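# Give me coordinates for this.
(one chain, ligands or ions: 1)
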Amino acid sequence: MSEFTRIRRESQSNNKRDGLTGILVFGEGEFMQILEGTRNAISSAFSRISSDPMHSNIMLIHFSECSERLFGDWAMRHLTIRTEVLEQMTNFQEFEPRCWSSQECIAFGIEYKAIATSSVLQASKPSLVSAVE
Ligand SMILES: Cc1cc2nc3c(=O)[nH]c(=O)nc-3n(C[C@H](O)[C@H](O)[C@H](O)COP(=O)(O)O)c2cc1C
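Next up is the predicted model:
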């Protein structure tokens with residue numbers, strides 16, 4: 001089993017159990033993750049993820065209360081950045097979450113989700129979005 005598959009399986013089963021939703025995007029050797037849920041559930045997940053030796057240089061970009069979930073239907077959607085997808089985006093031409101403000105990270109997640117769930121796009125170009133639920 002590849003490391004990606006392991007992360008996806010663990011995340012989805014743990015997140016479902018803990019009522020966490022969100023998005024995990026991989027590109028240019030970096031992950032960007034948005035997690036939504038109760039303060040307790042997010043804190044526990046973040047501490048688990050931070051102590052995972054599989055990765056390093058983990059940066060917490062933003063932590064705040066919010067009134068509604070943006071990714072409520074995704075226990076953790078995994079996406080791999082593709083140039084063709086970036087070309088479809090209006091505000092982002094590169095994937096560089098370390099340079100983005102928290103608002104830009106969220107805006108990226110929202111726009112990427114819109115592209116990933118666009119049935120027209122998926123029907124016409126199935127290879128455009130690499131997403132695994
Ligand atoms: C980039 C990245 C994102 C991850 N995201 C999650 C996540 O959202 N939820 C989760 O439970 N584990 C996530 N993991 C896996 C955790 O680091 C850890 O391996 C896992 O939570 C351990 O699960 P277990 O206690 O059931 O063995 C992620 C790992 C990586 C490398």
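# Show me what whichever strand or helix holds Lys16 is in contact with.
Element membership for Lys16, per DSSP states H and E: helix 3-18. For helix 3-18, contacts defined as Cβ atoms under 8 Å, 6 or more residues apart in numbering pick out 1, 20-22, 24, 26, 35, 37, 41, 44-45, 48, 54, 75-76, 78, 132-133. From N, CA and C alone the C-beta is placed, and that goes for glycine too.
# restrict the residues you listed to those near the ligand?
Contacts with the ligand are made by Leu24, Leu35, Ala45, Arg48, Met54, Met76 out of the contacts of helix 3-18, judged by Cβ under 6 Å from any ligand atom.
# Alpha carbons of the helix holding Lys16, as PDB, please.
The C-alpha trace of helix 3-18 is given here as PDB (Å, rounded to 0.1, in the frame of the first residue of the first chain):
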ATOM      1  CA  GLU A   3       1.900   6.100   1.700                       C
ATOM      2  CA  PHE A   4      -0.800   8.200   0.000                       C
ATOM      3  CA  THR A   5      -3.300   5.300   0.200                       C
ATOM      4  CA  ARG A   6      -2.400   4.800   3.900                       C
ATOM      5  CA  ILE A   7      -2.900   8.500   4.700                       C
ATOM      6  CA  ARG A   8      -6.200   8.600   2.800                       C
ATOM      7  CA  ARG A   9      -7.600   5.500   4.500                       C
ATOM      8  CA  GLU A  10      -6.500   6.600   8.000                       C
ATOM      9  CA  SER A  11      -7.700  10.100   7.500                       C
ATOM     10  CA  GLN A  12     -11.100   9.200   6.200                       C
ATOM     11  CA  SER A  13     -11.800   6.600   8.800                       C
ATOM     12  CA  ASN A  14     -10.600   8.700  11.700                       C
ATOM     13  CA  ASN A  15     -12.200  11.900  10.400                       C
ATOM     14  CA  LYS A  16     -15.500  10.200   9.900                       C
ATOM     15  CA  ARG A  17     -15.400   8.800  13.400                       C
ATOM     16  CA  ASP A  18     -14.400  12.300  14.800                       C
END
